[in-house]
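Participant: How does the following fold in three dimensions:
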Amino acid sequence: MVNQERITTLNQATVPFLADLLRRGEVTEEDARRARELADGLRDASVAAVNRTWLGETLAQVLAARGEEASALQTAARVTDPHRLERNFTSEQRAVVGALLSTIAKLPGLDPGSVLIEARDPEYPAFELTCRASDGRRRLRRELLPFLSVLRSVGMAASMRVSNDRLSVRFSYPGGENR
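Facilitator: Prediction:
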């Protein structure tokens with residue numbers, strides 16, 4: 001969704017530029033500079049679209065709902081899933097993971113810039129969400145344990161660890177890493 005808005009904005013700039021070139025029938029040095037600029041933007045948007053994942057898009061949406069700026073949401077470092085393991089989620093698992101991410105994003109003590117998700121082990125997909133949240137162990141457990149139970153009910157192993165202001169939530173397929 002965030003990427004689609006970026007492509008739409010680029011298209012709004014590109015179409016009038018090309019129409020003007022066609023109308024004038026000549027290309028100036030300034031036109032060449034502007035064409036390179038537009039091409040770079042379209043190429044960046046295309047690469048972002050190819051690299052876009054459901055998990056990354058969902059995380060961006062829930063953090064945007066919290067009010068975090070769109071430019072901060074596009075960092076590739078937030079979700080590391082080189083094997084696209086999130087594609088293995090069933091629709092039920094996506095619903096639960098999405099609700100979990102939404103709940104974490106709404107935590108008052110969350111440092112939204114600290115939220116990271118890492119996927120690993122293609123044989124037994126495992127995911128770990130880490131962040132800083134100053135909400136206290138009790139509140140975090142009260143808010144998040146129901147989601148861990150639901151993850152278990154849809155065939156995943158799940159655990160949570162709170163240490164000082166660091167939160168770690170892990171969920172994996174049975175046999176995957178979840179220590």
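Participant: three-state assignment of the residue lying closest to residue 108 once chain neighbours are set aside?
Facilitator: Of all residues not flanking residue 108 in the chain, residue 135 sits nearest, at 6.4 Å (CB to CB, 6 or more residues apart in numbering). For glycine as for every other residue, the C-beta is placed from the backbone atoms N, C-alpha and C. For residue 135, the secondary-structure state derived from DSSP: H, G, I helix; E, B strand; the rest coil is coil.
Participant: Count the residues that sit near residue 135.
Facilitator: 19 (other CB atoms under 10 Å).
Participant: residues in contact with the residue nearest to the spatial centre of the chain?
Facilitator: When CA atoms, centre = their mean is applied to the chain, the residue found nearest the centroid is residue 56 (1.9 Å). By CB atoms under 8 Å, 6 or more residues apart in numbering, the residues touching residue 56 are 78, 79, 81.
Participant: in terms of contact, does residue 21 touch residue 30 like I think?
Facilitator: No. Assessed by CB atoms under 8 Å, residue 21 is found out of contact with residue 30, at 11.2 Å.
Participant: okay, these two: which has more neighbours?
Facilitator: Higher neighbour count among residue 21 and residue 30: residue 21, with 15 against 8, using other CB under 10 Å.
Participant: and the more buried one, how far is that from residue 155?
Facilitator: For residue 21, the distance to residue 155 equals 56 Å [CB to CB, to the nearest Å].
Participant: Over to residue 140?
Facilitator: 24 Å.
Participant: likewise residue 28?
Facilitator: 61 Å.
Participant: Low-confidence ranges, the protein, go.
Facilitator: By pLDDT under 70, the low-scoring segments of the chain are 1-7, 9-10, 48-51, 69-77, 175-179.
Participant: Tell me the buried residues in the strand ranked longest in it?
Facilitator: Assignment by DSSP state E gives strand 110-120 as the longest strand of the chain. Applying a neighbour-count criterion of 16 or more other CB atoms under 10 Å, one finds 110, 112, 115, 117, 119, 120 buried in strand 110-120.
Participant: what's the answer for stretch 147-157, then?
Facilitator: 147, 148, 150, 151, 154, 156, 157.
Participant: Could you do stretch 157-177 as well?
Facilitator: Judged by neighbour count (16+ other CB under 10 Å), stretch 157-177 contains these buried residues: 157, 158, 160, 162, 165, 167, 169, 170, 171, 172, 173, 176.
Participant: Can I get it as CSV, trimmed to CA atoms?
Facilitator: Provided in CSV are the C-alpha atoms of stretch 157-177 (Å, rounded to 0.1, in the frame of the first residue of the first chain):
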residue,chain,number,x,y,z
ALA,A,157,5.1,-22.9,18.3
ALA,A,158,5.2,-19.5,20.1
SER,A,159,7.1,-17.9,23.0
MET,A,160,7.8,-14.5,24.4
ARG,A,161,10.7,-13.1,26.4
VAL,A,162,10.8,-9.8,28.3
SER,A,163,14.1,-8.5,29.7
ASN,A,164,14.3,-5.0,31.0
ASP,A,165,12.7,-3.0,28.1
ARG,A,166,13.5,-5.6,25.5
LEU,A,167,10.7,-7.7,24.1
SER,A,168,11.2,-10.8,21.9
VAL,A,169,8.4,-12.7,20.4
ARG,A,170,9.2,-15.9,18.5
PHE,A,171,6.9,-18.1,16.5
SER,A,172,7.8,-21.0,14.3
TYR,A,173,6.5,-24.2,12.7
PRO,A,174,6.7,-27.3,14.8
GLY,A,175,10.3,-28.5,14.9
GLY,A,176,11.6,-25.0,14.2
GLU,A,177,13.7,-22.9,16.5
